[in-house]
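Asks: Structure for this input, please:
(2 chains)
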Amino acid sequence: MKAVAVPRTYRQKEIRRHLWLYAGMAPFLFIAVFPIYWMAITALKQEPDLYRINNIPFWFNMPPTLKNFDILFHQTNYGSWIVNTMTISAWVAVITLLTAVPAGYALARLRLPGAENIGIAIFLTYLVPGIILFLPLSRVVSLLGLQDSWWALVVVYPTFTIPFCTWLMMGFFKTVPMEMEEAARVDGCGQFGALIRIVLPVSLPGVLTSVIFAFTLSMQDFLYGLAFVSPGDQKPVPVGVPTELIRGDVFFWGSIMAAVLLVGLPVALLYNSFLDRFIQGITGGVGK
Amino acid sequence: MTSSVPSGGPDAASARAAAVSLGPQSRTRGWLSHPSSRRLAFGYMLLAPAALYVLLLVGVPFLFSLYLAVSDANVGEPLSRFIGLENFRAAWEMDTFWIALRNSVVFLVVAAIFKSVLGTSLAFLLLQNFKGKKLVRGLVVIPFTLPIAISVLSWKWMYDSQFSVINWSLSRLGLIGSYGSASWPIWLGQPHLALLACIGVNVWRSFPFTAIVLLAGFTSVPTEILDAARVDGCSFFQRFRHVVTPMIFPILIIGFLFDTVFTLSDLSVVYLLTAGGPGNATQILPVLAYQIGIQAGSLGRGAAIALTLVPLLFPALFLVLRNLKRRDW
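Replies: Numbers count the residues shown, from 1 in each chain, chains lettered A, B, ... in the order given. I've put the predicted structure just below:
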């Protein structure tokens, strides 16, 4: 009898433990996910359905509609903002790769005097907040004749992607065994050849991670976009939506939520899958 | 990495020091015997683009902002002249500046308290093993990974003065009256509530970050050490206090300081929710710097206000630096 009772109590204990854990987790899950749900349901509701205080707001009281998305793409600059955002991020990714990958390699592998301090100095610039730099940078932007164009953001965003990705790449390159490079050199590769043919291919996951961060970090910006780009068709999504879809005191909530959902969700999911790398990066445990 | 250094001490620090002082000449095999001048030239050539970019667009602008703060620079006027500490004096004579400074500090402290409590609770929950943990972990970090301007808009709609879903729920639960009654909160329109509402969004966004950083710290503690402590008769609390906490402290500091820098310098939450209002109830330094520097076009005074954040940020930067230096290379 006891032999039967023990596994059952163990099972019961497990179930009870799970119930407690789920109960503890539920509020966290709710506050994390509810805003997304709220975006989605608002985006799909008809205008009058949003503004009736006696309706239950959590579900549709009138048939769902795609009208809000239609308005976005046909009556606003939303299409341009998406194109702008993607183009800006792509350029930022290119600039970041061309600078951060070689720098990370040099700092991690070539035993330069002072490499440690240079690496830390570059990383620390990631911690200099935009709010201190945006006023002087506005002068730089107008000096380059880029005010009122999204090119200003292509120039400015690498100020935070380069430090972060250099640091990240340093970590990646340290994990590539020195012997591989030495073997390549014995086989007649030059220093540059060894980098291109051996180290880079092995570090491809790191390079890909850097690209993802160039994209996601660019989309986290609001200040620079707000301060440097004012023509309606030049803005990236996170700046265009709050500044252009609100006219005076009138909020087009249906369209606004449609706009933020469409961009926010993919970015959040992408960033989610690379979050551990981000945390490792900033806490210094890169590549462990 | 320093295994081939002949004279390294038992600890990593002295081995590293030895490796640095011995230099490349002590290496005898492989590509490191390559003439060092060529290797250095190659290295600095690879480093140059990133270093120059950061120097020109972070280093120089930072110094330039110091100059702006002591000049009468304006948007639209290319030339400016030196006016000493006039901008700081003008800022200090503004009531709004002191309100913004106070709000920034209140914001930081109150938000930090809530983030620590919520973040620690979440980290402990995520430390357990349970079914569906991966999915749960992916979902609870959504607030942190959503672009901030985007999630703030969602909150602005939830805080709507009339159609707030929060108020609707509270009202149906009987906790507040119906729309128009005195107990119907107007989240972004009442001074204390507005500041609380802004802090709430910051906490909502950042506590998953706190939790994930803590979790990274917890999981980096080797279980052997915990087991050893348990064998030696340490209670859960003792293990936590004397083993876990010291080991994860460096990670904790860095996560905390990142969050401090982000919270102090973030303008998007307050700017999009209230733009500093009602009155100046939610005015904070970043928003004030933007309003004066860009909207009013007074670059110099805006820079002076933004720079008052530096003394607040400086301890944070200093601690990060010390921590990174101790990192095992």
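Asks: Where does residue A:267 sit: helix, strand or coil?
Replies: Counting by DSSP: H, G, I helix; E, B strand; the rest coil, the backbone at residue A:267 sits in helix.
Asks: ah, wrong one, I meant residue B:278
Replies: Quick answer, by three-state DSSP: residue B:278 is coil.
Asks: what helix or strand is residue B:192 on?
Replies: Residue B:192 is part of helix B:191-220, with elements assigned from DSSP states H and E.
Asks: now for that helix, which elements pack on it?
Replies: Helices and strands touching helix B:191-220, by 3 or more CB pairs under 8 Å, 6 or more residues apart in numbering or on different chains; DSSP states H and E, are helix A:275-283, helix B:95-127, helix B:142-145, helix B:148-158, helix B:245-265, helix B:268-273. Every residue, glycine included, has its C-beta placed from N, CA and C.
Asks: need those helices in CSV with mean pLDDT and distance to residue B:305, can you?
Replies: Listed next are these as CSV, based on pLDDT from 0 to 100; distance: least, CB to CB, whole Å:
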stretch, mean pLDDT, distance to residue B:305
helix A:275-283, 80, 28
helix B:95-127, 92, 7
helix B:142-145, 91, 28
helix B:148-158, 92, 22
helix B:245-265, 84, 12
helix B:268-273, 94, 14
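Asks: Format the ones you listed as CSV; extra columns: mean neighbour count.
Replies: What follows is the helices and strands packed on helix B:191-220, written out as CSV (neighbours: other CB atoms under 10 Å in any protein chain shown):
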stretch, mean neighbour count
helix A:275-283, 20
helix B:95-127, 18
helix B:142-145, 24
helix B:148-158, 25
helix B:245-265, 19
helix B:268-273, 26
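Asks: Take the ones you listed and write them to TSV, including distance to residue A:48.
Replies: Formatted as TSV, the entries for these read as follows, by distance: least, CB to CB, whole Å:
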stretch	distance to residue A:48
helix A:275-283	40
helix B:95-127	37
helix B:142-145	30
helix B:148-158	16
helix B:245-265	39
helix B:268-273	26
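Asks: Minimum distance to residue B:312: which of those has it?
Replies: helix B:245-265 (5.8 Å; CB to CB).
Asks: coming back round to it: buried sites along the helix holding residue B:192?
Replies: B:193-195, B:197-218 (16 or more other CB atoms under 10 Å in any protein chain shown).
Asks: one step back: closest to residue A:88 out of the helices and strands packed on helix B:191-220?
Replies: The minimum distance between residue A:88 and the helices and strands packed on helix B:191-220 falls on helix B:148-158, with 14.6 Å, by CB to CB.
Asks: is the helix or strand that the closest one is followed by up against chain A anywhere?
Replies: Next helix or strand after helix B:148-158 toward the C-terminus (DSSP H and E): helix B:165-172. Yes. On the criterion CB under 8 Å from any CB of the partner chain, helix B:165-172 is in touch with chain A at B:165, B:168.
Asks: Quick one: mean pLDDT for helix B:165-172?
Replies: Computed over helix B:165-172, the mean pLDDT rounds to 88.
Asks: ok, residues contacting it?
Replies: Helix B:165-172 has contacts (CB atoms under 8 Å, 6 or more residues apart in numbering or on different chains) with A:38, A:53, A:57-58, B:158-159, B:176-179, B:184-185, B:187.
Asks: Buried residues, that helix. List them.
Replies: Neighbour-count burial for helix B:165-172 [16+ other CB under 10 Å]: B:165, B:167, B:168, B:170, B:171.
Asks: what do you get for stretch A:185-198?
Replies: Result for stretch A:185-198 [16+ other CB under 10 Å]: buried residues A:185, A:189, A:191, A:194, A:195, A:198.
Asks: Just give me the closest of these to residue B:304.
Replies: Comparing these against residue B:304 with CB to CB places residue A:195 closest, at 45.8 Å.
Asks: what's the neighbour count on residue A:52?
Replies: 12 (other CB atoms under 10 Å in any protein chain shown).
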